[in-house]
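[1] pasting a predicted model and its sequence here:
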Amino acid sequence: MQLHWIRFLEGGKEQFGTLEGERVRVWHGDLFEYPQRGDRTLALAEVRLLTPVRPTKVIALWNNFKALGEKLGLAVPAEPLYLVKTPNSYLEPGGTIRHPGGSAKVVFEGELGIVIGKTCKQVAERDALAHVLGYTCANDVTVADILNRDASFAQWVRAKGFDTFCPFGPAVATGLDPEKLRVRTLLDGQVRQDYPVSDMRFSVAQLVSLISQDMSLLPGDIILCGTSIGVGSMKPGSTVEVEIDGIGRLTNRFN
């Protein structure tokens, strides 16, 4: 069954529910443990969307798409290469990505996010998908010129960990086959990225299984699958959108 889970504010109260066209179905209980469908619906325009889940961590992949890896001349990794984006970077749909100041070159990276539905630790690949709630859109924002500024240490976490540098949403969609999805990123209405998820070096099941060998993945945690060709810089005042059919469109302003 395909559902689109969201979190939202109504009258200052945080709630969760599902999208039904231009309306929101209010649910009760806990999203990850026995959610209960309610009878009340609200107009989507009357609520403020939050991030659809509250992760304890967001794991972001590097060099996980063949097309980009080949373009950059990168060696094929033997295992997933990843970093962690910190909670201060999380940003809701419609929120403003803040420029860190100075002459920093800030780039967008449209990505598919895997949302964990139940705790997994050292799960086998064959069991991995049973731990996935669904999928979301994400923008792995990065200050490109910080990454290799110090020749002795690549500053991945710093470059990607500024406040507001991890927008994701608007929903977590269930019942999708990630192999059939495409990620599109638009900058001021112009398509800059359009690539198939099927080009990943490591599949969703492999990512969940292999990363769970290193650390426990908790309900609400997100694995960003990495990005592909078309990454580019943003100028203050621009709007960036990450769109995946079947999930929705994540829109944020950069200022």
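    Thanks, I have the structure now.

[2] state the distance from L186 to F108.
    Distance, L186 to F108, by Cβ to Cβ, to the nearest Å: 10 Å. To be clear about C-beta, it is placed using only N, CA and C from the backbone, and glycine gets the same treatment.

[3] between those two, who's got more neighbours?
    F108 (28 against 19; other Cβ atoms under 10 Å).

[4] so what's that one bridging to?
    Assessed by DSSP bridges, F108 has beta-bridge partners G232.

[5] show me what contacts F165?
    Counting by Cβ atoms under 8 Å, 6 or more residues apart in numbering, F165 touches K85, S89, L91, I97, D140, V141, T142.

[6] which one of these is nearest V115?
    Among those, K85 lies closest to V115 (Cβ to Cβ), at 14.3 Å.

[7] overlap in contacts of L186 and F108?
    R192, V240.

[8] where exactly do the strands run in the stretch 1-150 of the chain?
    4-10, 13-20, 23-30, 33-43, 48-49, 58-62, 81-85, 90-91, 96-97, 106-108, 110-116, 132-139, 142-143 (DSSP state E, counting those that start in this stretch).

[9] dump these to TSV, plus mean pLDDT and distance to D221.
    Below are the strands of the stretch 1-150 of the chain laid out as TSV (pLDDT from 0 to 100; distance: least, Cβ to Cβ, whole Å):
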stretch	mean pLDDT	distance to D221
strand 4-10	97	15
strand 13-20	97	17
strand 23-30	97	16
strand 33-43	96	16
strand 48-49	98	20
strand 58-62	98	7
strand 81-85	97	10
strand 90-91	98	12
strand 96-97	98	22
strand 106-108	98	22
strand 110-116	98	4
strand 132-139	98	10
strand 142-143	97	20
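
[10] show me the domain layout of the protein.
    1-50, 51-254 (automatic domain parsing).

[11] out of those, deepest packed?
    domain 51-254 (a mean of 19; mean count of other Cβ atoms under 10 Å).

[12] chain center to that one: distance?
    Here domain 51-254 is found 5 Å from its chain centre; the criterion is Cα atoms, centre = their mean, to the nearest Å.

[13] which residues touch the residue lying closest to G110 once chain neighbours are set aside?
    What sits nearest to G110 in space, not counting adjacent residues and going by Cβ to Cβ, 6 or more residues apart in numbering, is T185, at 3.2 Å. When contacts are counted by Cβ under 8 Å, 6+ apart, T185 touches 108-110, 139, 191-194, 230, 240-243.

[14] tell me the one of those residues nearest L81?
    E109 (14.6 Å).

[15] what are the bridge partners for L19, then?
    Beta-bridge pairing of L19 under DSSP bridges involves V24.

[16] pretty sure it sits against F8.
    No. Using Cβ atoms under 8 Å as the test, L19 is too far from F8 to be in contact (9.9 Å).

[17] need the strands of the stretch 1-150 of the chain in TSV (columns: distance to R149).
    What follows is these, written out as TSV (distance: least, Cβ to Cβ, whole Å):
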stretch	distance to R149
strand 4-10	36
strand 13-20	39
strand 23-30	43
strand 33-43	44
strand 48-49	35
strand 58-62	18
strand 81-85	16
strand 90-91	24
strand 96-97	21
strand 106-108	14
strand 110-116	24
strand 132-139	22
strand 142-143	9
